[in-house]
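Q: Let me see the structure of the following:
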Amino acid sequence: MLTVHTFYTAGGHIHCAQCQATSKRTHQQCRAPAMKGKRACRFHGGKSTGAKTVEGRAACAAAKTIHGRETRAIRKERAVKLRELKGLAKLLGEL
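A: As a prediction, this is how the structure comes out:
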């Protein structure tokens, strides 16, 4: 679970969460305050409202499938086959 760091801005009068984005180059966390109700600052997607249309949501889902090899269906099928394999190995071990 990610911990949200709270820090104070405006001379200690306003407290807010810190942006959860990290730099690719330095691997350090962004030091900007996160937007209200969000986990990221305005530069790292805090202003984003996400996809609103069905086509937009489908495009986001397709973009999250990496190489088409790791889908839920494939993982489920692999888990079933591994359970069968473990069952067979257990049977062979008892003989």
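Q: drop to CA atoms for contacts and neighbour counts, all remaining ones
A: Fine.
Q: Would you map the strands across this protein?
A: 6-9, 14-17 (DSSP state E).
Q: what are the pairing partners of the last one, and which direction each?
A: Same thing as strand 14-17. strand 6-9 (antiparallel) (DSSP bridges).
Q: What mean pLDDT does the partner strand get?
A: Here strand 6-9 scores 69 as its mean pLDDT.
Q: cool, and stretch 25-41?
A: 88.
Q: Figure out the length between the terminal residues of it.
A: Using Cα to Cα, to the nearest Å, one end of stretch 25-41 lies 18 Å from the other.
Q: Need the winner for burial among the strands of the chain.
A: strand 14-17 (a mean of 15; mean count of other Cα atoms under 10 Å).
Q: ok so, going back, how about a markdown table for the strands of the chain, with distance to Ala40 added?
A: Formatted as a markdown table, those follow (distance: least, Cα to Cα, whole Å):
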| stretch | distance to Ala40 |
| --- | --- |
| strand 6-9 | 13 |
| strand 14-17 | 9 |
